[in-house]
Structures are given as C-alpha cells and as structure tokens.
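# kindly generate the corresponding structure for this input.
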Amino acid sequence: MYAKTKHIWMDGQIVPWENAKVHILTHSLHYGVGIFEGIRFYDCGGEPGIFRLKDHIQRFEESAKIVSIKLPFSKPDLEKACVAMAHDSQLKNGYIRPLLYIGEEPNAGLWAFDNQVHISIIVYGWGAYLGEKGVSEGVRVKTSSYMRHHRNIAMTSAKITGQYFNSVLAKREAVLSGFDEALMLDPEGYVAEGSGENIFAIKNGKIYTPLRASVLRGITRETAMTLLKKEGLDVIETPLTRDDLYVADEVFFTGTAAEITPVREIDHRQIGSKAPGPITRKLQSTYGNLVRGKLSEYESWITPVKK
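Coordinates of the predicted model:
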C-alpha cells in the first residue's frame, strides 16, 4: 500500500493528485513505450534527503536514449522538480516516481515518433517493498517459469514500462504459489535477478552477483558493491546458477524499493543457518546509515530537501 500526497508534477505544472489524468489514446498505454525511475528520500536528521538523485536522473535519460526518446526537460530541471515535489509532499520518508510517456497525437500507430513526450513526477509514501518482516527475517523465493528478457529482444539496461509485464507475471506466479518473490533466470539458464531487484550470494566470505549482461544497472546494487568492497570483501561479478544460490551462506536482494532484503529460502531450500546472515545484517545497517545522511564520506549522494 502507498500513501497518497496532494499534488503531482505534470510537464512542469503542479496539479491536484485526483486531476493527474491522461487521454485514453496515450501511446504508452497501448504499446508500453515509457520510461520510469524509482527514487527514495529519507529523514536525514530532521530534513529529508534524496538518495542518489543525480544518478537516477542520469539513468532516466539513458533509458530514454536507448528507446530513441529525447527528454523534453533538462536533467537539472527534473532534479529540481523532484526536490520540489518531495518538499511539497511534506513526507519525511518517501518514494519518487518520474514517468516518461508518449502522448496520443498525432499518430495512433506504432511509429508515433512525432507524438508529444510527457513527463510526470509522482511522490508518495511507501514502506518496505517486500515487507518489514521480510527485511528483518528474510523472504521466501521461488524460481519463476518466466525467464528474464534476452538482451537482444529487450533493452535490459533501460527501465522501460512495458518490459515489466515479464516481472508482473513472475511476481504473480510466485505470490500465488505462496512465496514472497520470484527468482528469474536468463535465457541461458543462469540467475538474473528478482522480479524487481538485483541479487547477491555470499559463500565463504566472498560476494557474488550476476554479470550485467541481462540485468538492470541497479543503483542500489552499485551502492552495495561499494560498501562491501570498502569492508575489504571480494565482490565478484560472475554467472551464477540456482545451485550456487541453494548452497550459499547468505543471499540478499537489492533495489531502491527493496533496499537490502535478505533471502531465507529458495525453492523450499533454507539459505544458510539464519537470515539475515552477518554480512547481510552489517550491510543493512551501513546502508541504512548512509541513506539517512549519517556517513559523511557519502554526503554527495544525498540531495537535501530544504524546508
């Protein structure tokens, strides 16, 4: 569940939440060509701070470029709009969703290259994506019958709205089967990621994560790798199999929504002795301090939302 706020930013105008509407012929609604980002802000000692805002907006622009769309607003303008809407929300902790979509005119067919491009920025309150219990005790995961997109069928480095039908099917399959989340394999049968998270495995003190070939360039993934390396741990990007995860000492998901969520079970197999394991627990603590502005060496990653 999410908590609504009062306003939404639409093409530079701030409109009431209930008036944020688009036409039924909006191209992106029919064909799934849209771009989005997920960004969080946290209470940083009484003043909200947005975590890695510039990196998210950079990825937003890169996603648009991958599908041949030019942003109708500059990156600095979008950053300012995110800050303004976070402030407008009056939330101390919240979620920001920039959304790019192609409008309805003048072309209703696939081409639509000349249709107007729109951007909206939505802010709302949103707790732990996989649940507070999942964060503290770990989640149960099922290997999905739906594979992750092949990198030459879909542009896997872009956050394209339509591509997430794949994740929706996998998530529904997992939840309807009694699990919390899905594990998705790539077309070669190697581990890719969750339905909306990157994944890591720990074995004998070393950290393993899938290659970037068919997974999203996760900003939380990069953050976790930075923090783990700073602890002197080996972080290895390599092909992983389900077997590797089954016998891992620890497994965890990363993502803006999921943050750092431990995995306690995969396909009815317990992971390690207890979730979260010691390395995951330490990473959760460090990450929690980082995003709340308590680690001065990473202060450049926090954009203040001034009162």
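# tell me the span between the first and last residue of stretch 271-284.
18 Å (C-alpha to C-alpha, to the nearest Å).
# so for it, mean pLDDT?
What stretch 271-284 shows for mean pLDDT is 95.
# which parts of that stretch are buried?
Ile271, Gly272, Ala275, Pro276, Gly277, Ile279, Thr280, Arg281, Leu283, Gln284 (16 or more other C-beta atoms under 10 Å). Heads up, the C-betas are built off the backbone N, CA and C, glycines and all.
# residues of stretch 121-128 that come out buried?
Ile121, Ile122, Val123, Tyr124, Trp126.
# over to stretch 130-144?
So for stretch 130-144, counting by 16+ other C-beta under 10 Å, buried means Leu130, Gly134, Val135, Gly138, Val139, Arg140, Val141, Lys142, Thr143, Ser144.
# Ala3 reaches Tyr124, doesn't it?
Yes. With contact defined as C-beta atoms under 8 Å, Ala3 reaches Tyr124; the gap is 5.8 Å.
# next, count neighbours for Leu216.
21 (other C-beta atoms under 10 Å).
# tell me the secondary structure for it?
Here Leu216 is recorded as coil under DSSP: H, G, I helix; E, B strand; the rest coil.
# tell me who's in contact with it.
Listed by C-beta atoms under 8 Å, 6 or more residues apart in numbering, the contact partners of Leu216 are Thr156, Ser157, Lys159, Glu193, Asn198.
# so where does His87 fall, helix or strand?
helix 75-89 (DSSP states H and E).
# show me what that helix is packed up against.
strand 7-10, strand 47-51, helix 53-66, strand 94-102, strand 117-126 (3 or more C-beta pairs under 8 Å, 6 or more residues apart in numbering; DSSP states H and E).
# who touches the following helix or strand past the last one?
Read it as strand 117-126. Going down the chain from strand 117-126, the next helix or strand is helix 132-137, by DSSP H and E. Helix 132-137 is contacted from outside by Ala128, Asp180, Glu259, Ile260, Thr261, Pro262, Arg264, Ala275, Pro276, Gln284, using C-beta under 8 Å, 6+ apart.
# 7 Å instead?
Ala128, Asp180, Thr261, Arg264, Ala275 (C-beta atoms under 7 Å, 6 or more residues apart in numbering).
# ditto for stretch 300-307
Residues outside stretch 300-307 that contact it (C-beta under 7 Å, 6+ apart) are 41, 44, 47-53, 83, 86-87, 293.
# what separates it from the chain centre, distance-wise?
Relative to the chain's own centre, stretch 300-307 is displaced by 20 Å; criterion: C-alpha atoms, centre = their mean, to the nearest Å.
# many thanks, I have nothing further to ask.
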